[in-house]
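**Q** Please work out how this folds:
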Amino acid sequence: MPIIPPLGILVIGIVIVLGMILVLRINAFFALLTAAIVVSLLAPGETATKVSRVAEAFGTTAGKIGIAIAMAAVIGKCMLESGAADRIALAFLRLFGEQRGGLAMTASGFTLSIPVFFDTVFYLLFPIAKSMHRRTRRNYLKYVLAVGVGGNATHTLVPPTPGPLATAGNLGVDLGTMILMGIIVGIPVALFGLWFASLLDQKYDLRHPPEYDDEDEVAKTPTEKLPSLFAASLPIVLPVVLIAAQTIVTQWAVGAEASSPLARVSAWLAIWGNPNLALMLAAAVAVFVCWLQTRSNPQPLGIAQLLEQSIIDAGPIILITAAGGAFGEMLKLANVTETVQLLVSNESEPLSGHVILWLAFAVASLLKFAQGSTTVAMITASSMLAAMLTDVSLPFDKVYIALAIGCGTMVGIWMNDSGFWILSKMSGLTPRETLRSWSLTAALSGFVGMAILVVLATVLPLTP
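**A** Coordinates of the predicted model:
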């Protein structure tokens, strides 16, 4: 038995993570790894293995999500370089028209944030939103927030964005189920955010409206030089279809004879629908499209250089995710699971599954508010919940826990979040205006997402 009780070890681990990130301003990787080692040293077990088991847990987590995150980084980088992201944004604008410009911006942000980081998506779409206001001279705040609410929904709910991807891995959630349910929950969340942005746009008069010159604000690349919509969207559509099809067909094939066509299709999709291979295929397509689009440039970015930059971008996320997984595994070894089970249950009836949903939401919100990074908050929260829920019987699939964590990170967006300052500085909003508009909109969207999750977990538990 350790001298320090399990809940004391949990508190020590959390204090180390938050203290190193917030007070000492140390990178989240070192904070999570340090916490994992300290927790392991305090947990039961042979002294000789207390450090090595941290490394083993780190490697196990990296093995689960490393390839997927690296491929997602390649896809996002290539889509930006080739103009595929511009093509998708302009396609939504043509589909909905300038009269529904807010919806076009929301749909663009929603789609592009699946493979591309939120900050980058805002950089990409803000000039288009600003150009729409330049033409109409109205709805500026609505257009700005529309990009944010669309991008934030998939950034927190839909893999292969690193946060949702790592959360699904930590909790053992099927990736296809996470993608499908993330989209199902994300669409109404984004639409609510757009509706609320419209209300704010009517209410607030901005202190510093944008100024314009004669330069067109829309993407600099001529439309005719952008890839086709099919080629631009294929890196997004291909992995989603393959992974989702593998999940659906596998469920249908349960109990089918091995020689049946359904079983053969299921076996085929078990290979091609594997998240690692599906994302590798999508990355290959994205690289090929990028090569076709940039080969005629006077100084094209070489494919080798492009891949190297993508891996550099993905490296820190993989390290943080793996360290978070090791931290969660060490919490399990510290008997946090058994202690929490005793606290949240009694001899006759366990704690309600809906209470656990709100617990996941609250933990993620607190972590997001405390240190600013959505990805770090999701990784840390999912690691903690995974440790607490080991052997706990839930009345619904763990995908709802994962999505509750994502919704929780929509709450608590303020001045320690890089996305807060990107939106504020690029749009010209003051920090006060940003808090009253973007932070409020995102927080309410998170609560709406939680309300949807509570209903879905009740009527569609997805349990076998």
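**Q** Confirm Gly423 sits in a helix?
**A** Not Gly; residue 423 is Leu. Yes. Judged by DSSP: H, G, I helix; E, B strand; the rest coil, Leu423 forms part of a helix.
**Q** Give me the neighbour count for it.
**A** By the measure other C-beta atoms under 10 Å, the count of residues near Leu423 is 26. Where C-beta positions appear, they are placed from N, C-alpha and C, glycine not excepted.
**Q** mind checking how far it is from Gly59?
**A** From Leu423 across to Gly59, the span is 37 Å (C-beta to C-beta, to the nearest Å).
**Q** What is the least confident helix or strand in this structure?
**A** Taking mean pLDDT, DSSP states H and E as the measure, the chain has helix 336-343 as its least confident helix or strand, at a mean of 61.
**Q** following that helix, which helix or strand comes up?
**A** helix 353-371 (DSSP states H and E).
**Q** Who are the packing partners of that next one?
**A** In terms of contacts (3 or more C-beta pairs under 8 Å, 6 or more residues apart in numbering; DSSP states H and E), helix 353-371 is packed against helix 6-18, helix 374-388, helix 399-408, helix 440-459.
**Q** Give me the residues contacting that helix.
**A** For helix 353-371, contacts defined as C-beta atoms under 8 Å, 6 or more residues apart in numbering pick out 18, 21-22, 28, 344, 374, 376-378, 380-381, 384-385, 389, 392, 394-396, 400-401, 404-409, 411-414, 416-417, 446, 450, 453-454, 457-458.
**Q** Go again with 7 Å.
**A** 18, 21-22, 374, 377-378, 380-381, 384-385, 394-396, 400-401, 404-405, 407-409, 411-412, 416, 450, 453-454, 457 (C-beta atoms under 7 Å, 6 or more residues apart in numbering).
**Q** Contacts only, for Ser383.
**A** Asn170, Gly324, Gly325, Phe327, Gly328.
**Q** Just the buried ones from these?
**A** Buried subset of the contacts of Ser383 (neighbour count, 16 or more other C-beta atoms under 10 Å): Asn170, Gly324, Gly325, Phe327, Gly328.
**Q** got the angle for whichever strand or helix holds Ala146 vs helix 374-388?
**A** In the assignment (DSSP H and E), Ala146 maps to helix 140-157. Helix 140-157 and helix 374-388 are oriented at 40 degrees to each other (axes from the mean of the first three to the mean of the last three C-alpha atoms, to 10 degrees).
**Q** Report the distance from the next helix or strand after helix 140-157 to the chain centre.
**A** Next helix or strand after helix 140-157 toward the C-terminus (DSSP H and E): helix 162-171. Distance, stretch centre to chain centre, for helix 162-171: 8 Å (C-alpha atoms, centre = their mean, to the nearest Å).
**Q** do stretch 107-120 as well
**A** 10 Å.
**Q** Could you do stretch 304-312 as well?
**A** 22 Å.
**Q** Show me what counts as buried in it.
**A** Leu306, Leu307, Ser310.
**Q** So which of these belong to strands?
**A** In strands, judged by DSSP state E, none of the buried residues of stretch 304-312 are found.
**Q** Export those as JSON lines, with columns for pLDDT and distance to Tyr140.
**A** Putting the buried residues of stretch 304-312 into JSON lines (pLDDT from 0 to 100; distance: C-beta to C-beta, whole Å) gives the following:
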{"residue": "Leu306", "pLDDT": "87", "distance to Tyr140": "35"}
{"residue": "Leu307", "pLDDT": "89", "distance to Tyr140": "38"}
{"residue": "Ser310", "pLDDT": "86", "distance to Tyr140": "34"}
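**Q** Now do the SS call for the most far-flung residue of the chain relative to its centre.
**A** Centroid-distance maximum for the chain: Ser259 at 38.8 Å, with C-alpha atoms, centre = their mean. At Ser259, secondary structure determined by three-state DSSP is coil.
**Q** ok so, going back, okay, the helices and strands packed on helix 353-371 in TSV with distance to Leu103 and mean pLDDT next?
**A** Formatted as TSV, the helices and strands packed on helix 353-371 follow (distance: least, C-beta to C-beta, whole Å; pLDDT from 0 to 100):
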stretch	distance to Leu103	mean pLDDT
helix 6-18	39	84
helix 374-388	24	85
helix 399-408	22	96
helix 440-459	15	96
